[in-house]
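Chemist: Pasted the sequence and its predicted model underneath.
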Amino acid sequence: MTCSHCVKSVREEVSEIAGVERVDVDLASGRLTVSGEGFVDEAVTSAVAEAGYEVVG
């Protein structure tokens, strides 16, 4: 991710997942933190891919 638009795209896609309550994206580190209940990691990975990015680590 290189800009605030990137952060917004990822945040919007991940926020649509049922059970997700909070999405934090740190542009400098590229770190995504997701909180909530009842969602699966694969859904987050898919949402990040839908936004045009890849989950690493």
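Modeler: Looks like it arrived, so ask away. Residues are numbered from 1 along each chain as shown.

Chemist: all strands for the protein, in order.
Modeler: 20-26, 31-36 (DSSP state E).

Chemist: burial of residue 50, as a residue count?
Modeler: By the criterion of other Cβ atoms under 10 Å, residue 50 has 14 neighbours. C-betas here are computed from N, CA, C, even on glycine.

Chemist: Isn't it up against residue 14?
Modeler: No. If you go by Cβ atoms under 8 Å, residue 50 and residue 14 don't touch, sitting 9.3 Å apart.

Chemist: Grab the CA positions of the longest helix seen in the chain and hand them over as PDB.
Modeler: Longest helix of the chain, by residue count under DSSP state H: helix 4-15. Extracted in PDB, the C-alpha atoms of helix 4-15 (Å, rounded to 0.1, in the frame of the first residue of the first chain):
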ATOM      1  CA  SER A   4      -4.500   6.800   1.900                       C
ATOM      2  CA  HIS A   5      -6.700   5.600  -0.900                       C
ATOM      3  CA  CYS A   6      -5.100   2.200  -0.600                       C
ATOM      4  CA  VAL A   7      -5.900   2.200   3.200                       C
ATOM      5  CA  LYS A   8      -9.500   3.200   2.500                       C
ATOM      6  CA  SER A   9     -10.000   0.400  -0.100                       C
ATOM      7  CA  VAL A  10      -8.800  -2.300   2.200                       C
ATOM      8  CA  ARG A  11     -10.700  -0.900   5.200                       C
ATOM      9  CA  GLU A  12     -14.000  -0.800   3.100                       C
ATOM     10  CA  GLU A  13     -13.600  -4.300   1.800                       C
ATOM     11  CA  VAL A  14     -12.800  -5.900   5.200                       C
ATOM     12  CA  SER A  15     -15.500  -3.900   7.000                       C
END
